[in-house]
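# Fold the following and give me the result.
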Amino acid sequence: MKGYNMLINHNQNMLCLDEIDILELRENADECDYLFVVSPKIETKICTKCGSCNVVNYGRYTKLVRDININEHYTALKIRGHKHLCKDCGSIFVDRFNTLDLCSKMTNRLRCKIQQLSLTKP
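Numbering: from 1, shown residues only. The predicted model follows:
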């Protein structure tokens, strides 16, 4: 078990994303070299529509997101998050992350890297 915890801690350092927990690392998965299965460290407990704290879990969702390469290896995040229901306004929403936009299929840092490369390459 100690070796497993060391592996997870090493993987946390590989991603450098503070707001997620790494549940699993799959190497040489079907579509990428590294597939990190992750979940949010802190669930969103405030309604994004009305600001109420009267929120309950309303199911789970899975989302595949592309991230920057790690040591030239294609890297993706498989996010396992929660859907939430606001009991005051009836709104359904999912966990929010600073590292990616709500409907995006890539992390913000990958988007920035692509923008930087597009400005430097002819």
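
# Hmm, Leu17 is touching Asn108, no?
No - counting by C-beta atoms under 8 Å, Leu17 does not reach Asn108; the two are 10.5 Å apart. Using the backbone N, CA and C atoms, a C-beta is placed for each residue, glycine as well.

# who has more neighbours, the two?
More crowded of Leu17 and Asn108, by other C-beta atoms under 10 Å: Leu17, with 20 against 13.

# mind checking the SS state of the nearest residue to the more buried one once chain neighbours are set aside?
For Leu17, ignoring the flanking residues on the chain, the nearest one in space by C-beta to C-beta, 6 or more residues apart in numbering is Thr99 at 5.5 Å. Classification of Thr99 by DSSP: H, G, I helix; E, B strand; the rest coil places it in coil.

# And Leu119, how far from Lys113?
According to C-beta to C-beta, to the nearest Å, Leu119 stands 11 Å off from Lys113.

# Counting neighbours, go ahead and name the busier of those two.
Taking neighbours as other C-beta under 10 Å, Leu119 and Lys113 compare with Lys113 leading, 15 against 7.

# And Ser84, which helix or strand is it part of?
I think there's a mix-up here, since residue 84 is His and not Ser. strand 73-86 (DSSP states H and E).

# for that strand, which positions count as buried?
75-82, 84-86 (16 or more other C-beta atoms under 10 Å).

# would you turn those into a markdown table with pLDDT?
Below are the buried residues of strand 73-86 laid out as a markdown table (pLDDT from 0 to 100):
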| residue | pLDDT |
| --- | --- |
| Thr75 | 91 |
| Ala76 | 93 |
| Leu77 | 94 |
| Lys78 | 95 |
| Ile79 | 94 |
| Arg80 | 94 |
| Gly81 | 91 |
| His82 | 92 |
| His84 | 95 |
| Leu85 | 96 |
| Cys86 | 96 |
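
# Same list as before, these that is, but in CSV and with distance to Val38 included.
What follows is the buried residues of strand 73-86, written out as CSV (distance: C-beta to C-beta, whole Å):
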residue, distance to Val38
Thr75, 12
Ala76, 10
Leu77, 5
Lys78, 7
Ile79, 6
Arg80, 7
Gly81, 9
His82, 13
His84, 18
Leu85, 23
Cys86, 25
